[in-house]
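[1] take this sequence and fold it.
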Amino acid sequence: MASTPSNVAANSETPAPILVPDRPDAAIAPSAQGTLLISLTTLPPEALEATLTNLALAFPAQSDGLTVLVATPDSSHPAVAGESFSNLRLLPYSAPAPALSNLFLTAADYLNTFKMAQEHQATDCLILGPESQSLTPESIRAMAAAILGTETDLLVPRYDLGPHEGLVNSAILYPISRALYGARPRFPLAIDLGLSLRMAERLATVAQSYTASGQSESILWPVSEAAIANYVIAEVEIGSRQLPQPASIDLNALLAQIAGSLFLDINTKATFWQRVRTIQPKRKLLQQRGPAEGWPDVSPMLTSFRLAYINLQEIWALVLPPNTLLGLKHLSLMPPASFRMSDALWTRIVYDFILAHRLRTINRGHLMGALTPLYLAWVASHIILADAGTPPELHIEELAATFENDKAYLVSRWRWPDRFNP
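    All right, here's what the predicted structure looks like:
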């Protein structure tokens, strides 16, 4: 891959990100000589064996001077002690027991990956997250081809998910990453990544601050880290992939964990994203798989929102300006069939919650809890819109464009929270 500037530059036009097409038969570049470290998270024995089998198929021969190392946690490694994967070199490492959620890559994963890469002089790294046994050999090879022998520092996969999967990503993570950092990977919190050695080192440095204070399960944000370092970000389509699911569905806790971590990261990088100007080209829309059993019933979501409108008015009034509260009032009166939260309204809600999180307008736990019914209202609106014929991916792209166009609102409120009156 030719040398390409980073996809984010402060106070300058932003070139398009590298988009690596879906190439099941992608060949490892002839220049890809060196050592590739593939770091695995803790997996059940059967899942680990399936993952190693797929890795062995992805790299059937050590040609062109490429060595493939596979780092497996101690707790998983005994399950394959008797197996033969002659084209892979297995490296057990000590890792803490995974958190109960085990849904994301954590600070400990990044730190362990860099330590192993440094120790074994790896030139590039792949981190494969939970449920990695669902990654096909072709997907793994496509990721390796996109990172080895290229200028890429951060390689982010683009998953083929169903239209009502990954909606926290679609509603919040992706639009914010585009608007604030000019970063276009569709899944900025992907659970599989490709890293150059310098990107792995940067993430390990950030991770060290968490692990040193006993927060080894903290979420890191690789896309924003790459953006502020002016590193090259690339994206590769890898098809479908099984994503880990929480043992119990607690949307309040999950949303607080993910969005709360993102809001903290936004606060620490404020001096950067306030200076970024982006010019975004149109991107290719993936053909999403249709829902296997029809669209989910939105009635419970609408009920949750309407109950919250009655009970949370005082809290929302501390966070949201009068115009937004008026929009929520109109929304609460809409009949289910025509229920529609505008992109502009949702954008302002998210931006105002980011600001309230920064200012600690109310307790952050209560703040994130107050966001949940508003998120459910957005999900209900998104599903109703899709059920009426609007392609879900088209709606997500339009929403992200609205976040970009309204970024000045967040910047103004961030700089003058007391003087600026929306």
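
[2] which stretches of this structure form strands?
    With DSSP state E as the criterion, the chain has strands at 18-20, 34-40, 66-73, 89-93, 124-128, 154-159, 192-196, 233-239.

[3] ok now do the nearest residue to L371 once chain neighbours are set aside, which residues does it touch?
    For L371, ignoring the flanking residues on the chain, the nearest one in space by C-beta to C-beta, 6 or more residues apart in numbering is F353 at 5.4 Å. Every residue, glycine included, has its C-beta placed from N, CA and C. Going by C-beta atoms under 8 Å, 6 or more residues apart in numbering, F353 touches 259, 263, 319, 367, 371.

[4] same thing with W295?
    Neighbouring residues of W295 by C-beta under 8 Å, 6+ apart: 164, 383, 386-387.

[5] let's see 6 Å
    383, 387 (C-beta atoms under 6 Å, 6 or more residues apart in numbering).

[6] how about the nearest residue to D153, chain neighbours excluded?
    Closest residue to D153 apart from its sequence neighbours, by C-beta to C-beta, 6+ apart: Y231 at 3.7 Å.

[7] can you pull the phi/psi pair for the one you found?
    Torsion angles at Y231 (phi, psi; degrees, to the nearest 10) stand at phi -90, psi 160.

[8] can you redo the strands of the chain as CSV, where the extra columns are mean pLDDT?
    Shown next, in CSV, are the strands of the chain (pLDDT from 0 to 100):
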stretch, mean pLDDT
strand 18-20, 42
strand 34-40, 92
strand 66-73, 90
strand 89-93, 86
strand 124-128, 97
strand 154-159, 96
strand 192-196, 98
strand 233-239, 94
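
[9] which of those sits closest to A179?
    Taking C-beta to C-beta, strand 233-239 is the member of the strands of the chain nearest to A179, at 15.5 Å.

[10] quick revisit: farthest pair in the contacts of F353?
    A259 and V319 (13.6 Å).

[11] surely L320 and Y351 touch.
    No: when contacts are counted by C-beta atoms under 6 Å, L320 is not listed as touching Y351 (10.2 Å).

[12] which of the contacts of F353 sits closest to V206?
    F263 (16.4 Å).

[13] look up how far M341 lies from the nearest residue to the closest one once chain neighbours are set aside.
    Excluding the flanking residues, the one nearest F263 by C-beta to C-beta, 6+ apart is H357, at 4.2 Å. Relative to M341, H357 is positioned 21 Å away (C-beta to C-beta, to the nearest Å).

[14] return the top helix by length along the chain as PDB; C-alpha atoms alone will do.
    Longest helix in the chain, counting residues (DSSP state H): helix 364-387. C-alpha atoms of helix 364-387 as PDB (Å, rounded to 0.1, in the frame of the first residue of the first chain):
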ATOM      1  CA  ARG A 364     -22.400  11.000  36.500                       C
ATOM      2  CA  GLY A 365     -24.100   7.800  37.300                       C
ATOM      3  CA  HIS A 366     -27.500   9.500  37.400                       C
ATOM      4  CA  LEU A 367     -26.600  11.400  34.200                       C
ATOM      5  CA  MET A 368     -25.900   8.200  32.300                       C
ATOM      6  CA  GLY A 369     -29.100   6.600  33.600                       C
ATOM      7  CA  ALA A 370     -31.000   9.600  32.300                       C
ATOM      8  CA  LEU A 371     -29.600   9.000  28.900                       C
ATOM      9  CA  THR A 372     -30.800   5.400  28.600                       C
ATOM     10  CA  PRO A 373     -34.500   6.100  27.900                       C
ATOM     11  CA  LEU A 374     -33.500   8.800  25.300                       C
ATOM     12  CA  TYR A 375     -31.300   6.200  23.600                       C
ATOM     13  CA  LEU A 376     -34.200   3.800  23.600                       C
ATOM     14  CA  ALA A 377     -36.400   6.500  21.900                       C
ATOM     15  CA  TRP A 378     -33.700   6.800  19.200                       C
ATOM     16  CA  VAL A 379     -33.600   3.100  18.700                       C
ATOM     17  CA  ALA A 380     -37.400   2.900  18.400                       C
ATOM     18  CA  SER A 381     -37.300   5.700  15.900                       C
ATOM     19  CA  HIS A 382     -34.600   4.000  13.900                       C
ATOM     20  CA  ILE A 383     -36.400   0.700  13.800                       C
ATOM     21  CA  ILE A 384     -39.700   2.300  12.800                       C
ATOM     22  CA  LEU A 385     -37.900   4.200  10.000                       C
ATOM     23  CA  ALA A 386     -36.200   1.100   8.700                       C
ATOM     24  CA  ASP A 387     -39.500  -0.900   8.900                       C
END
